[in-house]
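Asker: Quick one, fold the following:
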Amino acid sequence: MASSSSDSVFQRGLTKLCWHGKPAERSRLRVVYNNATLDTGSDRAAPPQVSYKTNKIKTTKYTLLTFLPKNLFEQFHRFANMYFLFVALLNFIPQVMAFGREIALIPVIGVLAVTAIKDVYEDYRRYQQDKKVNLSKCLVYNKVAKSYEPKECYRVLVGDIVKVKCNEVIPADLLLLECSENSTTCFIETANLDGESNLKQRTAVDVSLDSNGKFDPRIPIMVECEAPNAELNKFNGYVVRHLDNGRKKGLSKENLLLRGCVLRNTDYIKGIVIYAGHDTKAMKNSSGPRYKRSKLERYMNRDVIWCLVILLFLCFFSAIGSGVWLSLKWDSPEDIPYIPFDDGVRDGSKPAVEGFLRFWTFIIIYQVMIPLSLYATLEIVKFCQVYFIHQDIAMYYEEADILPVCRALNITEELGQVCVCVRVCVCAYL
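Answerer: Purely as a prediction, here's the structure:
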């Protein structure tokens, strides 16, 4: 009872120490307690970390409610899709229509549907990847069992004590508290974050209080640090230990293990979760799923605009020719029975009006200058290309037993392109 009372007094003291600043300053800070020392349920965090995000991640782009409007909005960033929709709607005007109303909509709907199916497949793959990550296991300290037990990553909370073994992925941003073999350093691989394969060294915070010089998860500690941000190479804060009479110990980026890094050349490490889920620095640097446009698509948009300019010239001169020809035949309408004239309305301005209406009709007739089938063909080719990439045995990584994964189906044609060739000349002076 005395120990429990002293721990609660210590926690209240830490709270006062931590929240002494102005409201604006407090909003820029994060306070984390050791969940193993708090009087809460085994699956609940305690204030103030009860308001922090969990470790569950979600990188999908669509939901059932947002798919249709969001996907259409993205697809109509293509200038050609807007053009074909305009032509299809133009065909609904009786004075200028050239084909059946419903028939004109079929090609547009077909192209939009092919792209939508591809986007659904891509987003479903993101959902499967998120599910795999969220359901992966990690060792979390259970204060009831007084041992580290497997737990799904999405259930990890800020303030949990996590144990990571060699070659395992760091499940959240951890403050390093203990390393194996009586060492204070560990090595991590940050290739998933910055692409560098060189191992980086991290140092454990000296909070060991048991007889063996190891970190005891049952010891109350409090960490105050900066609010979640995207700075991978920046971390500031301090840790307060129970038996140090509230003395602060400074923290830096050398004490932080980022989510997505892989532990190397170290048997195990233990750390306390500082940032979880979308508050981690890796997720803060991720802009989320977005519609990516390849150079080929940008070039196509530019070429479509030039095709449209040529189309407008053709329609303009065709409309002028139609108006001139109608003015010559205006007094003898029986020579052109296939053009409906309204009796009693043929006046001097009618050929000009008919020429104006024919301008829009010619836009419908000449719409083949911008090939709608080209876009549908490209989407099918991209889909097949991604399939062959996934099945390419030459790209199989035997050590990790994984095949290549294409995460963006819109930019597969960018692979293998060399944009800049740098020639380096080395001169040696003898």
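Asker: Contact partners for residue 269?
Answerer: With contacts taken as CB atoms under 8 Å, 6 or more residues apart in numbering, residue 269 has the following neighbours: 163-164, 174, 176, 178-180, 186, 204, 257, 263. Where C-beta positions appear, they are placed from N, C-alpha and C, glycine not excepted.
Asker: Now with 6 Å, please.
Answerer: Applying CB atoms under 6 Å, 6 or more residues apart in numbering, one finds that residue 269 lies in contact with 164, 179, 186.
Asker: Filter these down to the ones in strands?
Answerer: 164, 179, 186 (DSSP state E).
Asker: where's the nearest residue to residue 267 once chain neighbours are set aside relative to residue 165, distance?
Answerer: Among residues not flanking residue 267 along the chain, residue 180 sits closest, at 3.7 Å (CB to CB, 6 or more residues apart in numbering). Between residue 180 and residue 165 the distance is 9 Å, computed by CB to CB, to the nearest Å.
Asker: right, and out of the contacts of residue 269, which lies closest to residue 252?
Answerer: Set against residue 252, the nearest of the contacts of residue 269 by CB to CB is residue 186 (15.2 Å).
Asker: Roughly how far does the closest residue to that closest one other than its chain neighbours sit from residue 164?
Answerer: Leaving aside its sequence neighbours, residue 186 sits nearest to residue 266 (CB to CB, 6+ apart; 4.1 Å). The gap separating residue 266 from residue 164 is 9 Å, by CB to CB.
Asker: give me the number of residues near residue 113?
Answerer: 12 (other CB atoms under 10 Å).
Asker: before we move on, what about residue 135?
Answerer: As a burial measure, the neighbour count of residue 135 was computed by other CB under 10 Å and equals 11.
Asker: Run through the bridge partners of the residue lying closest to it once chain neighbours are set aside.
Answerer: Take residue 135 and drop its neighbours on the chain: the residue closest to it by CB to CB, 6+ apart is residue 152, 5.5 Å away. Residues in a beta bridge with residue 152, per DSSP bridges, are residue 137.
Asker: how about the strands of the stretch 151-300 of the chain, start to end?
Answerer: Listed in chain order, the strands found in the stretch 151-300 of the chain under DSSP state E, counting those that start in this stretch are 161-165, 173-179, 185-189, 199-203, 221-226, 237-241, 248-251, 256-257, 262-264, 268-275.
Asker: got TSV for the ones you listed, with distance to residue 91 and mean pLDDT too?
Answerer: Compiled in TSV, the strands of the stretch 151-300 of the chain are given as follows (distance: least, CB to CB, whole Å; pLDDT from 0 to 100):
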stretch	distance to residue 91	mean pLDDT
strand 161-165	62	92
strand 173-179	56	90
strand 185-189	59	90
strand 199-203	62	90
strand 221-226	59	88
strand 237-241	64	85
strand 248-251	67	85
strand 256-257	61	92
strand 262-264	58	91
strand 268-275	55	92
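Asker: Lovely, talk soon.
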